[in-house]
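Peer 1: dropping the sequence and predicted coords here.
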Amino acid sequence: MRRILPYGRQWIDEDDATAVIAALRSDWLTTGPKVAEFEANLAEKVGAKFAVAVSSGTAALHLACLVTGVTAGDLVVSSPLTFVASVNCALYCGARVDFVDIDRRTYNLDASELAHYVAKSRGDDGIKALVPVHFAGQPCDMERIAASARKTGAVVIEDACHALGARWKDSGGRWQTVGSCSHSDMVVFSFHPVKHITTAEGGAVTTNNEELCERLRTLRNHGIIRDSTKLEGVDGPWSYEVRELGFNYRLSDLQCALGISQLHKLDRWVERRRELAALYDRLLGALEGVMLPVQRENTRSSYHLYVVQVPQRSKVFRLLHEHGVKVQVHYPPVHLHPLYQERFGFRRGDFPQTEAYYEGAMSLPLFPQMSDGDVEYVVDTLRATLAAL
């Protein structure tokens, strides 16, 4: 039987299924104790004071923008190399969007370019929020990004949907965990099935700010306030009030039960991803025409993706799929989507490093259940494909 290798997939064990079944048989299917337990476990894992679980990474990004006061006319700046949700969240709030090009080696937002951008954007064009994206699991240069944010007064919302389990070393020699909010106001995660752990669908925001945490929890549940000490009027124990528009962005107990079970395996799975990436590095190192991903010094990527650059990408993509190697492309540059071109006037050539990256980018299969033999099959198939071109 032909081997089929998707670029990513979930790993569900019997203990995961048992945890979900136990929640299914409990008194709570949603907004119950498993939500609070998952939030506490996640906050402890990444070293943050608070975590707020929500229905998706997109919901997490939206709420993070809302609670920082992003509104019509404000400016939100991110990387053009990301999934559109990273900046759609700004549009949901009526804000304007702009981008800073990527570092051609790391594929993350270029901290030097951001410093130049900030120097030119004082006054009415000041940045309300910065959304750096830890692309493919590699941490951004958060110290320099945070320094730029301080100069313009911008809130920093880390998009770590690719980077659960990643770490980086600061200038003082201390290891920082992505999600700890050591250099940001909030960090956003996704628990989609192709991510490091899954809740089927789901996301979370971590923060060290109790006020932001409280607002996040209120807005994920329609904006409802139930604390009687905070209500303007109390008719009875059923009383609640809504003071601002919220959303139904809740995550169920069933999903959080799965998340709790999966979180126990995170370290092992991230380590396996790193082993697989190292094997790719070794086997692909001598393959002519293939450019490997570069890891920034003093970082430990959690390798959500393993992205290579190849010649004749469209042909290689098609031939690999024919042989069961289901590579993917992450991502078409955001500024080239018609929505962003028509609304903000972006054009091809605006962010040349991102566009150059996109021309040859291809994500190879990478997920913890892969065997070393699977990696060898991918590399052998890619080698034969390139030789046939």
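Peer 2: Noted; the coordinates are in hand.
Peer 1: per-domain residue ranges of this structure.
Peer 2: 5-263, 266-388 (automatic domain parsing).
Peer 1: okay, those domains, which one's buried deepest?
Peer 2: The highest mean neighbour count among the domains of the chain, using mean count of other C-beta atoms under 10 Å, belongs to domain 5-263: a mean of 20. Heads up, the C-betas are built off the backbone N, CA and C, glycines and all.
Peer 1: first-to-last residue distance for it?
Peer 2: Terminal residues of domain 5-263 lie 24 Å apart, using C-alpha to C-alpha, to the nearest Å.
Peer 1: same question, stretch 302-311
Peer 2: This stretch, stretch 302-311, spans 26 Å end to end (C-alpha to C-alpha).
Peer 1: where do the helices of the protein begin and end?
Peer 2: Ranges of helices in the chain, per DSSP state H, are 14-24, 33-46, 57-67, 85-92, 111-119, 142-152, 210-219, 253-263, 266-284, 313-322, 338-344, 352-360, 372-388.
Peer 1: now distance to R226 and mean pLDDT too, for those, in TSV please.
Peer 2: Below are those laid out as TSV (distance: least, C-beta to C-beta, whole Å; pLDDT from 0 to 100):
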stretch	distance to R226	mean pLDDT
helix 14-24	23	98
helix 33-46	15	98
helix 57-67	18	98
helix 85-92	25	98
helix 111-119	41	96
helix 142-152	34	96
helix 210-219	9	98
helix 253-263	18	98
helix 266-284	33	98
helix 313-322	51	98
helix 338-344	38	98
helix 352-360	45	98
helix 372-388	50	97
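Peer 1: tell me which of those helices approaches L164 most closely.
Peer 2: helix 266-284 (6.8 Å; C-beta to C-beta).
Peer 1: R220 contacts A60, correct?
Peer 2: No - with contact taken as C-beta atoms under 8 Å, R220 and A60 are classed as non-touching, separated by 9.1 Å.
Peer 1: R296 contacts D141, doesn't it?
Peer 2: Yes - in this structure, R296 is within contact of D141 by C-beta under 8 Å, at 7.2 Å.
Peer 1: what is in contact with these two at once?
Peer 2: Shared contacts of R296 and D141 (C-beta atoms under 8 Å, 6 or more residues apart in numbering): N108.
Peer 1: any idea how far the closest residue to Y7 other than its chain neighbours is from T58?
Peer 2: Closest residue to Y7 apart from its sequence neighbours, by C-beta to C-beta, 6 or more residues apart in numbering: Q328 at 4.2 Å. Q328 sits 19 Å away from T58, taking C-beta to C-beta, to the nearest Å as the criterion.
Peer 1: go on, D15?
Peer 2: As judged by C-beta to C-beta, D15 and T58 stand 29 Å apart.
Peer 1: can you pull the contacts of the residue nearest the centre of the chain?
Peer 2: For the chain, C161 is the residue whose C-alpha lies nearest the centre (C-alpha atoms, centre = their mean; 1.5 Å). With contact taken as C-beta under 8 Å, 6+ apart, C161 is in contact with 57, 83, 85, 133, 188-190, 192, 195, 203.
Peer 1: ramachandran angles for it?
Peer 2: Backbone geometry at C161, expressed as degrees, to the nearest 10, gives phi -60, psi -20.
Peer 1: thinking F189 is in contact with T198, fair?
Peer 2: No - applying C-beta under 8 Å, one finds F189 not in contact with T198, separated by 11.3 Å.
Peer 1: isn't D159 right up against L61?
Peer 2: Yes - using C-beta under 8 Å, D159 is in contact with L61, at 6.8 Å.
Peer 1: residues shared between the contacts of those two?
Peer 2: Overlap of the contact sets of D159 and L61 (by C-beta under 8 Å, 6+ apart) consists of 86, 131, 188.
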